[in-house]
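[1] this one's structure only:
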């Protein structure tokens with residue numbers, strides 16, 4: 001899928017991930033448990049680099065995603081315009097611990113991540129609905145929290 005496709009699916013992907021977490025899907029035994037809060041943070045930094053005003057203060061995957069989603073929805077039109085501007089800019093760079101990277105590439109990688117995370121959450125929900133047993137860290141975790 002191209003960057004435009006990831007961008008078009010972004011809000012839907014956020015909804016899928018957030019609804020899965022709010023339904024009690026346990027992502028802790030999966031890579032999402034660690035990567036989701038980090039990716040939300042990096043996305044916020046990319047958007048802030050382009051002029052966004054995202055401020056994240058929470059740590060857990062669910063709370064951080066909720067916090068980001070609330071801020072995204074409050075400024076949806078501005079954030080979407082910002083994302084379009086970043087995707088159109090072929091020269092903007094940002095400093096990262098790894099050096100200087102293209103802001104556009106940073107945004108595309110985050111959009112790809114959220115697309116894949118939404119796909120994984122859907123798989124986990126389907127497995128749970130079919131009665132599959134919870135998986136370990138090496139597999140896809142799908143246990144619902146009690």
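    Yep, it's here. Predicted, not measured: the structure shown is a model, and the values here were computed from it. Residues are numbered from 1 along each chain as shown.
[2] any idea where the strands of this structure begin and end?
    Using DSSP state E, the strands found in the chain span residues 93-96, 99-102.
[3] Which one of those lies nearest to residue 115?
    strand 99-102 (19.2 Å; Cβ to Cβ). (Glycine included, C-beta is placed from N, CA and C.)
[4] neighbouring contacts of that closest one?
    90-94 (Cβ atoms under 8 Å, 6 or more residues apart in numbering).
[5] List the buried residues of that strand.
    For strand 99-102, a neighbour-count test (16 or more other Cβ atoms under 10 Å) marks nothing as buried.
[6] can you give me the mean pLDDT across that strand?
    Average pLDDT, strand 99-102: 78.
[7] List the neighbouring strands of it plus their orientation.
    strand 93-96 (antiparallel) (DSSP bridges).
[8] and the gap between the residue nearest the centre of the chain and residue 127?
    Residue closest to the average C-alpha location in the chain (Cα atoms, centre = their mean): residue 114, at 4.0 Å. Here the criterion is Cβ to Cβ, to the nearest Å. By it, residue 114 lies 20 Å from residue 127.
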